[in-house]
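Enquirer: coords below, sequence missing:
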């Protein structure tokens, strides 16, 4: 397995992976139209100082994670998805994706990471808690945090420690 920054040349694979997990696996009522960032990775993620990482096994995209920098010291984690057959301790893809994203964030001077998710994704919430994320109220989010419509659970990780 290897992880690398990816951009719009992987658009079809990214869209297929993410929409399948959201819609088919978890029945999250979200469409491609709700996520225009997936069709403009360069401008949405890279230009403001973020990144979009892909995990590959045998040249196939099996996982993603992205970072949206929304102010000089804070960023939001987005698009953390791993194909069902590659989840879990055996592969540790999610863990490696998160660790690379945190390392990138620290290099770029980001002090706070935030994320939004849906309460339905209990395994994801446990994963973030194991990685020292703390659940916070929506009202505790920075005012410039880029909200996603379906999100109803929010987490924070302080990188200054």
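Expert: Good, I have the coordinates. Computed from a predicted model, the values in this text were never measured in an experiment.
Enquirer: Report the central residue of this structure.
Expert: Nearest to the mean C-alpha position of the chain, by Cα atoms, centre = their mean, lies residue 78 at 2.8 Å.
Enquirer: Pretty sure that residue sits against residue 67.
Expert: Yes - with contacts counted by Cβ atoms under 8 Å, residue 78 reaches residue 67, the gap being 7.3 Å. In short, each C-beta sits where N, CA and C put it, glycine included.
Enquirer: returning to what we had before: state the three-state secondary structure for the residue nearest to the centre of the chain.
Expert: The three-state label for residue 78, taken from DSSP: H, G, I helix; E, B strand; the rest coil, comes out as strand.
Enquirer: And the closest residue to it other than its chain neighbours, what's its pLDDT?
Expert: Closest residue to residue 78 apart from its sequence neighbours, by Cβ to Cβ, 6 or more residues apart in numbering: residue 66 at 4.5 Å. For residue 66, the pLDDT comes out at 98.
Enquirer: residues near residue 66, how many?
Expert: 27 (other Cβ atoms under 10 Å).
Enquirer: Same check on residue 28?
Expert: Using other Cβ under 10 Å as the criterion, residue 28 is surrounded by 18 other residues.
Enquirer: Contact partners for it?
Expert: 22, 118, 120, 150 (Cβ atoms under 8 Å, 6 or more residues apart in numbering).
Enquirer: quick one on the thing from earlier: next one: the residue nearest to residue 78 from residue 51, what distance?
Expert: 7 Å (Cβ to Cβ, to the nearest Å).
Enquirer: What of residue 106?
Expert: Residue 106 is 13 Å from residue 51, by Cβ to Cβ.
Enquirer: For those two, work out which one has more neighbours and name it.
Expert: residue 51 (21 against 13).
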